[in-house]
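Q: Sharing a model prediction with you, sequence too.
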Amino acid sequence: MLNKISKLNSLIHATDQNSWRDFGQYIQLFSNNKRIQQLYANLKHEQQEKTYTKAAIFSAAFGDEPYDDNAYRQIVHQFKKIYDQFILSSSERNAIDDQVRLAKHYKENNIQLKSPKTQLAKQYQHIESIQDYKAIYYLETEKMDEILQLNDRTKEPNLQMLNDVLDKLYLIEKFKLVCSAINYANINQYEYDFGLINELEDRVRNTIMPQDGLLYGMFKVYQLMKYRGENYFIELHQWIQQAEIQHNSEFELIFLMMNNYCIRQINRGNAAYFQQLFSLNKITIENGLILDEHGHISPHAAKNIIAVSLRLKEFTWTKEFIENATSRLKEEHREETTSYLWARYAYELKDYARALKHLAITLPIDMLNNSSFRVLQLKCLYELDDYEMMDTALENFRLYLIRHKNQTNYYYSNVNFIAHLKKIIKNKDRVKTSLIQKIQEEKLVAEKAWLISLLQ
């Protein structure tokens, strides 16, 4: 029993180092339990290297005392309880939900100070989230209660308004769910029965207007997902430019589906959608939607953004974005991501020597990022006609992929990239039509358009 792995490991391993440090501060402030404090201090948060047995957890809390399974269970329960309190206290709270709770408290306790209801009333003007509709529903319920208290049966107790708000709440949630399901079905060929959605669509098609705020946005993204029509994208894009963008899951879904639509169009050869994608990227950046809950930009998002802006030769905008994004990258990704962003920028300016200098600063451990560095390095060397260095770089890349072999599409795309680039170099002065056809027919190959351009 003493050597049995403690279930507390799952909690320790799930908490990143910054959160673990904050958790320790929370324990010092809000827990007087010396055993809890001692347990935290002795765990050290070696989440990647160490797995704790039940005996080790007990010793961390109770020192040299003989093992007692009941005491062990109790200390784990108490530790989990303070951890749960920490997570709840550190999670983001919704301002509108808080206002609703305050308004109810003021009413129930007859507090005569200015009621939070006045703040909630503003949601009538800007309906951009589920919480806005909930606030309106609360206010309309208040009106109904006031009418009912008059005991005047001749007055309609606001039931129509409540019915309308509930309909909108339901429709937003329904459109949101169906959009997610359609997206999942496209990836996994899964078939869903969407219930009443077709009848609902027929009923509301001519009644939902841009002034309905989020409901209009969710309806349009649903139509875009279902029919794939460009007119729905245009209507949605026009609305999104005027909407008050909120940091919520509904707007995240809208932007994700619009981005996916742009990418599908680009993959079909419609290059005009690079401009649309660039426009969406600027909106997400200006409204802070690119940032996670800790205010960070993901390396993947930063790379995708500059890929689009550089494709459109928006060099000034790209330079400003990289300069601003650097401080928003997580420290552990900052050096390698910044090096890649500046290298990609220099490459598009045809300053290949400078691009290589940026790539030489660091070499990522992560396979995806490492491969991106190596591909860009090879492109620079080709443009500089440095075939001797290319041979070395190609062989190093080949050996790297062998050491990190897996079954992902990304792996095979890079393997095929190496193979085709070698053939292009070897057949540089020969007939190239057959090579072009082979690359075009290849389903998985990195930088396909670039490779083909070398043969034309």
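A: Now that the structure is in, tell me what you want to look at.

Q: longest helix of the protein?
A: Counting by DSSP state H, the longest helix found in the chain is helix 159-188.

Q: Quick one: work out the angle between the helix or strand just after that helix and helix 159-188.
A: Using DSSP states H and E, the next helix or strand after helix 159-188 towards the C-terminus is helix 197-204. Helix 197-204 and helix 159-188 are oriented at 130 degrees to each other (axes from the mean of the first three to the mean of the last three C-alpha atoms, to 10 degrees).

Q: how far is helix 197-204 from where the chain is centred?
A: Distance of helix 197-204 from its chain centroid, counting by C-alpha atoms, centre = their mean, to the nearest Å, is 31 Å.

Q: what about this structure, any weak spots by pLDDT?
A: 1-3, 44-49, 88-133, 428-432 (pLDDT under 70).

Q: Can you give me the buried ones in the strand or helix carrying Lys357?
A: Using DSSP H and E, Lys357 maps to helix 352-359. Across helix 352-359, burial judged by 16 or more other C-beta atoms under 10 Å covers Tyr352, Arg354, Ala355, Leu356, His358, Leu359. C-beta here means a position set from N, CA and C on the backbone, and glycine is covered the same way.

Q: what about the residue nearest to the fourth one when sequence neighbours are not counted, how many neighbours?
A: This means Leu356. Ranked by C-beta to C-beta, 6 or more residues apart in numbering and with sequence neighbours excluded, the top spatial neighbour of Leu356 is Cys380, at 5.1 Å. Counted by other C-beta atoms under 10 Å, the residues lying close to Cys380 total 26.

Q: Endpoint to endpoint, stretch 154-162 covers what distance?
A: 18 Å (C-alpha to C-alpha, to the nearest Å).

Q: contacts for the helix holding Lys357?
A: 339-340, 342-344, 346-347, 373, 376-377, 380-381, 383-384 (C-beta atoms under 8 Å, 6 or more residues apart in numbering).

Q: repeat that with 6 Å
A: Residues from elsewhere that reach helix 352-359 (C-beta atoms under 6 Å, 6 or more residues apart in numbering): Ser339, Trp342, Ala343, Ala346, Tyr347, Phe373, Gln377, Cys380, Glu383, Leu384.

Q: now do stretch 379-393
A: Tyr352, Ala355, Leu356, Gln377, Leu378.

Q: what's the helix or strand for the last one?
A: Using DSSP H and E, the element containing Leu378 is helix 367-383.

Q: moving C-terminal of that helix, what's the next helix or strand?
A: According to DSSP H and E, the helix or strand after helix 367-383 is helix 387-403.

Q: So which residues make contact with the helix or strand that contains Met218?
A: For Met218, the host element (DSSP H and E) is helix 214-227. Here helix 214-227 makes contact (C-beta under 6 Å, 6+ apart) with 128, 168, 172, 175-176, 178-179, 182, 208, 210, 232-233, 235-236, 239, 250, 254, 257.

Q: Would you pull up how far the following helix or strand past it lies from the middle of the chain?
A: Proceeding N to C from helix 214-227, the next assigned helix or strand is helix 230-242, under DSSP H and E. For helix 230-242, the gap between its own C-alpha mean and the chain's C-alpha mean amounts to 22 Å (C-alpha atoms, centre = their mean).

Q: Return the set of buried residues in helix 230-242.
A: For helix 230-242, the neighbour count (16+ other C-beta under 10 Å) marks Tyr232, Phe233, Glu235, Leu236, His237, Trp239, Ile240 as buried.

Q: Which elements pack onto it?
A: Applying 3 or more C-beta pairs under 6 Å, 6 or more residues apart in numbering; DSSP states H and E, we find helix 230-242 packed against helix 214-227.
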